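S.K.: Here is my input, please return the structure:
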Amino acid sequence: MSEKTLVIRAEEGKVMESKVVEGKVTDVVKDIAYKVLKEWNPETSDYVIIRDKYEVSLKLPLSKEDFERFSKYNIRRTPDGYAVFEVPVYVVSYENEWRGDDYIDKKVYVICTYVNDEVKKDIESWALESTKGRKSLEIELSEEELKELEELEE
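M.R.: Take a look at the predicted model:
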């Protein structure tokens, strides 16, 4: 049975591409890592690959095919009738920056085992959130306003 792998490309808060491909997750990660390495600018960004886990919960019963697909991920049964397991998720970040103490991913690929369309939507949402970046609130004060604030603090 061939494996299905989910590949999501997110840039600055948008999912630019989301597709399911045939192939082993680790092979797909290596292929994308190699491809993205060519796009990476070492003068402006870090190149990072992170492996994490995503917990999946599916209502029982599972089909025989699904059980076989997910049994390698330490599948277990919950008392309330769900199968729970963790699939590996890889994040390839190739355009990012530091803003103060915050590390902001601008462009990433998120790669994991394809489970179903519901999990796909969750991972897409996570990918776009992770590339949104945080907007910092900056306030410009005149010299007079700054003095008034300092006086108030004293």
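
S.K.: From now on I want contacts and neighbour counts done on CA atoms only, so please keep to that.
M.R.: Will do.

S.K.: which neighbours does the host helix or strand of residue 57 have in its sheet, and in what orientation?
M.R.: Taking DSSP states H and E as the definition, one finds residue 57 inside strand 48-59. Here strand 48-59 has these sheet partners by DSSP bridges: strand 82-99 (antiparallel).

S.K.: okay, and for this protein, where does confidence drop off?
M.R.: 1, 134-142, 145-146, 149, 153-154 (pLDDT under 70).

S.K.: before we move on, back to that, mind saving the C-alpha coords of the strand holding residue 57 as CSV?
M.R.: Extracted C-alpha coordinates of strand 48-59, given in CSV (Å, rounded to 0.1, in the frame of the first residue of the first chain):
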residue,chain,number,x,y,z
VAL,A,48,15.4,25.2,9.6
ILE,A,49,13.7,21.8,9.5
ILE,A,50,11.7,21.0,12.6
ARG,A,51,10.1,17.6,13.4
ASP,A,52,7.0,17.7,15.6
LYS,A,53,3.9,15.6,16.2
TYR,A,54,0.3,16.2,15.6
GLU,A,55,-2.3,14.3,17.6
VAL,A,56,-5.2,12.8,15.6
SER,A,57,-8.4,11.5,17.1
LEU,A,58,-10.7,9.5,14.9
LYS,A,59,-14.1,8.0,15.8
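
S.K.: Give me the residues contacting it.
M.R.: Residues outside strand 48-59 that contact it (Cα atoms under 8 Å, 6 or more residues apart in numbering) are 33, 81-94, 119.

S.K.: And the residues you listed, which of them are buried?
M.R.: When neighbours are counted using 16 or more other Cα atoms under 10 Å, the contacts of strand 48-59 contain these buried positions: 33, 82-87, 89-94, 119.

S.K.: For the residues you listed, name the two members farthest from one another.
M.R.: 82 and 94 (36.6 Å; Cα to Cα).

S.K.: Point me to the residue sitting closest to the centre of the protein.
M.R.: residue 127 (4.1 Å; Cα atoms, centre = their mean).

S.K.: wait, what's in contact with that residue?
M.R.: Counted by Cα under 8 Å, 6+ apart, residue 127 has contacts 8-10, 13, 15, 108, 110.
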